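Asker: please find the sequence and the predicted model below.
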Amino acid sequence: MRKFDAYIAAGGYANRSKAIADLIRKEFVSDIFARGGVVAGAVTIVYDHHKRGVVNRLLSIQHACGAAIISAQHIHLDHANCLEIVAVRGGAARVKALADALKAVKGVKHATLSVTGSGAC
């Protein structure tokens, strides 16, 4: 219980019930994703926009996977690096394939996929 109470305090929870509910929801989302259900989330990528062809390749992938993309936001981090946040929704396999394709582009330095349930959990 001490470890769990430390977890609760670190997470800023007011009580154990909320922490337990969040842990249960997290497991539901993991199960939805593993079973190929509908998820929503974000793909975040950092890339060097000076790398030849990287911007065109990223845009081509996004256009090809447009059905899974809700929106995209482009942020200039510094002279060479950009952050792209792509909001996604769809079947887990489709969303993961999109994230994997973006991550594999030469010039992408870092990419993450964060998902949640589509609203049902």
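Answerer: Happy to help now that I have it.

Asker: how about the strands in the protein?
Answerer: Taking DSSP state E, the strands of the chain run over residues 38-48, 69-76, 81-91, 108-117.

Asker: starting at the chain centroid, how far to the second one?
Answerer: Read it as strand 69-76. Strand 69-76 has its C-alpha centroid displaced from the chain centroid by 12 Å (Cα atoms, centre = their mean, to the nearest Å).

Asker: that strand to strand 81-91, inter-axis angle?
Answerer: Per axes from the mean of the first three to the mean of the last three Cα atoms, to 10 degrees, the angle that strand 69-76 makes with strand 81-91 is 170 degrees.

Asker: okay, now the sheet partners of strand 69-76, with direction.
Answerer: Next to strand 69-76 in the sheet, as set by DSSP bridges, lie strand 81-91 (antiparallel).

Asker: before we move on, the earlier item: wait, which of the strands of the chain is closest to Tyr7?
Answerer: Smallest distance to Tyr7 across the strands of the chain (Cβ to Cβ): 20.0 Å, for strand 108-117. Yep, even glycine has a C-beta here, placed from its N, CA and C like the rest.
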